[in-house]
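Participant: Sequence and predicted structure, then a few things I'm wondering about:
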Amino acid sequence: MSLLQRFAHNRAAQAGLAITGFVILAVTAGPWILPFGPEDMDFMAILSPPSLAHPFGTDSFGRDVFARVLAGGRVSLMISATSILIAVITGGFAGMASAYFGGWWDAVLMRISDLLFAFPSFILAMLLMVLFGFSSVNVILSIALVYFPIFARITRNTTLLVKEEPYVQAARLIGRHPLAIMLREILPNIAAPILVQASVGMAFAIILEAGLSFIGLGVQPPTPSLGGVMADGREYFSRAPWVLTMSGLAISAALLGINLLGDGIRDMTDPRLRERS
């Protein structure tokens, strides 16, 4: 059964792709459709409840919460996707090289991974932000460093299984360069678990970014972020619960779509499930 056919029979992947696609479309096209910008203030509509004019209500400055959620979602998705991409590239290459060459390179990488794994993800991200400073670039680098050992471990373990296969040995015997072997022979055969982990990591990266911004260590004002919108809504939750609630629901919708898509990708790429098909 082809990948397209497996996708047609996988409800989780279809639902995840639909939700994720809708979220991406909304945060991308929102600024071109909405009549309000994320920083536009209307002092006649301060803390207005959800209505046709303001679907998510307004905040303490009269700013449209829906516009701020879409703008913040765009920032959060950009930061999360970029950080995971960096982690996949750097961690993936380090893990493949570690398993392929072994020796001191493997020992050093594993000790670095053990050191990073010793800290909870959010605590490590907080520490890195304090050390690097508060900016969007540093948020990306911090989240990438948090997920670096995860992708390094995954690629190392899967490369150890693949590198002894006959086609890899044959490539060695004909004198192909190690980098070419890793990119052409090994990487295509270990891409499935990396892709699944990337989708899971994307969801957790959104949570990390929102958490850092919520406590003031992430994206700094006036740039909107989902965590920043939630932090603003916390201050007057009893008077205007929709600010915190609506931004939280937006994060939940994005996480639901990404997690369903990740589960679907895992099911479609699982060799045991493919054999049953």
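Facilitator: Arrived safely, thanks for sending.

Participant: Do a quick rundown of the helices in the stretch 1-150 of the chain.
Facilitator: All helices of the stretch 1-150 of the chain, identified by DSSP state H, counting those that start in this stretch, fall at 3-8, 11-33, 65-101, 103-117, 121-132, 136-162.

Participant: need the contact list for F101.
Facilitator: Contacts of F101 were listed using CB atoms under 8 Å, 6 or more residues apart in numbering, and they are P178. Heads up, the C-betas are built off the backbone N, CA and C, glycines and all.

Participant: For P49, find the nearest of the helices of the stretch 1-150 of the chain.
Facilitator: Each of those has some distance to P49 by CB to CB; the shortest is helix 65-101, at 10.4 Å.

Participant: now the angle between helix 121-132 and that closest one, please.
Facilitator: Here helix 65-101 runs at an angle of 90 degrees relative to helix 121-132 (axes from the mean of the first three to the mean of the last three CA atoms, to 10 degrees).

Participant: Give me the buried positions along helix 65-101.
Facilitator: Buried residues in helix 65-101, counted by 16 or more other CB atoms under 10 Å: 65-77, 79-84, 86-88, 90-100.

Participant: just stretch 235-249 next, same as before
Facilitator: For stretch 235-249, the neighbour count (16+ other CB under 10 Å) marks 240, 242-248 as buried.

Participant: Please apply the same query to stretch 251-268.
Facilitator: For stretch 251-268, a neighbour-count test (16+ other CB under 10 Å) marks 251, 253-268 as buried.

Participant: wait, which of the buried residues of stretch 235-249 is closest to V137?
Facilitator: Once CB to CB is applied, the member of the buried residues of stretch 235-249 that ends up nearest V137 is S247, at 23.4 Å.
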